[in-house]
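Using only what follows, build the 3D model:
(2 chains)
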Number of protein chains: 2
Amino acid sequence: MKGLENKNFIPNLSFDCVIFGFNGKLLKILVLEYHNTGFFALPGGFIEVDQSIDEAAKKGVKDRTGLDNVFLEQFHVFGEVNRADPEHMRKILIANNDFTEENKWMLDRFNTVGYYALINYEEVSPAPDQFSDSIGWYAIDELPDLMMDHNQIVEKALIVLRNNLSEKLIGMNLLPPKFTMKQLQSVFEAILDQKLRRTTFQRKMLSLDILERHEKLFQGKAHKAPYLYSFK
Amino acid sequence: MKGLENKNFIPNLSFDCVIFGFNGKLLKILVLEYHNTGFFALPGGFIEVDQSIDEAAKKGVKDRTGLDNVFLEQFHVFGEVNRADPEHMRKILIANNDFTEENKWMLDRFNTVGYYALINYEEVSPAPDQFSDSIGWYAIDELPDLMMDHNQIVEKALIVLRNNLSEKLIGMNLLPPKFTMKQLQSVFEAILDQKLRRTTFQRKMLSLDILERHEKLFQGKAHKAPYLYSFK
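Numbering: from 1, shown residues only, chains lettered A, B, ... in the order given. Coordinates of the predicted model:
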């Protein structure tokens, strides 16, 4: 990790990103594998002294995954004293021939700011950075063991995503501009990982007052045509 | 600020707390005034090297306001490069005869973790700490100019509180265990600072599926008695 000198970075502070990939049916997460260590981890990094945390995370995602213009949102700071095991970082540095005196600050305690994003994984092609063997999408129920507390970070991100689902879908291009109630229900069912009752779902959605009703979608029998909706 | 030596604290990281006080009618915020500076600020502090961020915030609120067992929740990290003006901290240190070489780390860039809490201000008596002239509850529309970006931190906390209102009210003792729909509406109206339509409010609340209906509250005319509810 040449060039990552202590004086250029805020000590004891990092960011980690949970990038959710979704195609309307399956929810996945983007995971990196480090060279010669067998360690799987979320894309993350450090904050330069003249960078805001948001800027660092945005640039970090681009550098580590090749994905540009991912809309990241901060969701939680993980500040437990022993959350980061220095052994992991030591092994990564050794595997990269980078275990030098000036890199030892990376073994310190780190508080990490968690970010998350929701993108359509069919529309992007992530690329691994110089520290990683591979980068790939993993289904949320088939994640490998991630290093440090990264599995817990994913758990927390998932809770936040589920709580903010109706808000997050807006503007994230995971539905066409106009959609049927059935399409909307499929998205919720996939991310919440549970079947929902059609009548209850429809009543709740309408009561939230976030949908605008448009013309009917005519295909097949006219009397069964469903209404189209958009977000207000 | 004797004893606040650099080596005991995580550099470049602080916390600030927006403590909302609410009595069912008026929403207020707890603000400290620093000795001899005219600076108003949120209660905040630093994180010791062997403290989690949550522990530091919890202890900090107790030390700075005298309030114990406040239920704090982290809501956002403020990580802009120039959010903290070092002039403010310099003046506070000078006013406390504490502008020494070993305290100069406090003039550095600080990222701050924002916490918020919601308590009943009629049930507590905050006390100022050694650095402050006074501590007091200010109505949210009559806040003084706060130092650094503390007014923006309050704004953000207010948005988060409003978004999470139904969730936050649960377990926060701001309503009796059983309450009428009218009492619940009053709480929402006070915090959201807007009048709500009775019928719409009732329909939305019931559709959220978080309320359990109990017996009627009999007082006065029996045929007008409202139902009592509790949170599920």
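
I'd like the average pLDDT over the longest strand seen in chain A.
In chain A, with assignment by DSSP state E, the single longest strand is strand A:9-22. Throughout strand A:9-22, pLDDT has a mean value of 95.

what about it, near chain B?
Yes: counting by CB under 8 Å from any CB of the partner chain, chain B has neighbours in strand A:9-22: A:10-13. Where you see a C-beta, it was placed from the backbone N, CA and C, and this is true even at glycine.

Report all helices and strands that that strand contacts.
When contacts are defined as 3 or more CB pairs under 8 Å, 6 or more residues apart in numbering or on different chains; DSSP states H and E, strand A:9-22 packs onto strand A:27-34, strand A:44-48, helix A:53-65, strand A:111-119, helix A:150-163, helix A:181-192, strand B:9-22.

okay if I get the residues of strand A:9-22 next to chain B as CSV plus neighbour count?
Formatted as CSV, the residues of strand A:9-22 next to chain B follow (neighbours: other CB atoms under 10 Å in any protein chain shown):
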residue, neighbour count
A:10, 22
A:11, 18
A:12, 21
A:13, 24
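
Let me know the closest of these to residue A:158.
Of all the residues of strand A:9-22 next to chain B, residue A:13 has the smallest distance to residue A:158: 23.6 Å, by CB to CB.

That closest one contacts residue B:13, doesn't it?
Yes: counting by CB atoms under 8 Å, residue A:13 touches residue B:13, with 6.3 Å between them.

Quickly list what's touching both of the two.
Common contacts of residue A:13 and residue B:13 (CB atoms under 8 Å, 6 or more residues apart in numbering or on different chains): A:111, B:111.

give the contact list for the closest residue to residue A:26 other than its chain neighbours.
Nearest non-adjacent residue to residue A:26, counting by CB to CB, 6 or more residues apart in numbering or on different chains: residue A:139, 6.3 Å away. Residue A:139 is in contact with A:26-28, counting by CB under 8 Å, 6+ apart.

and what of residue A:150?
A:16, A:40-42.

and if we set it to 6 Å?
For residue A:150, the contacting residues are A:41-42, by CB atoms under 6 Å, 6 or more residues apart in numbering or on different chains.

Pull up the gap between it and residue B:161, please.
30 Å (CB to CB, to the nearest Å).

now swap in residue A:97 and tell me
Going from residue A:97 to residue B:161 by CB to CB gives 50 Å.

for residue A:216, same thing?
40 Å.

cool, residue A:179 as well?
Note on residue A:179: its distance to residue B:161, by CB to CB, is 31 Å.

Also residue A:160?
According to CB to CB, residue A:160 and residue B:161 sit 16 Å apart.

And those two? Which one has more around it.
residue B:161 (21 against 17; other CB atoms under 10 Å in any protein chain shown).

ok, the more buried one to chain A distance?
Per CB to the nearest CB, to the nearest Å, residue B:161 is found 15 Å from chain A.

count of neighbours near residue A:145?
If you count neighbours by other CB under 10 Å, residue A:145 ends up with 9.

now residue A:125
Counted with other CB under 10 Å, the neighbours of residue A:125 add up to 10.

excluding its backbone neighbours, what's nearest it?
Nearest non-adjacent residue to residue A:125 (CB to CB, 6+ apart): residue A:66, at 7.5 Å.

and stretch A:210-220, does that touch chain B?
No: figure legend: stretch A:210-220 not in contact with chain B (CB under 6 Å from any CB of the partner chain); closest approach 11.9 Å.

Surely residue A:41 touches residue A:145?
No: Residue A:41 is beyond contact range of residue A:145, at 10.4 Å (criterion: CB atoms under 6 Å).

okay, and the common contacts of the two?
Common neighbours of residue A:41 and residue A:145 (CB under 6 Å, 6+ apart) do not exist.

thinking again about what came up before, could you tell me which of the contacts of residue A:139 count as buried?
A:27-28 (16 or more other CB atoms under 10 Å in any protein chain shown).
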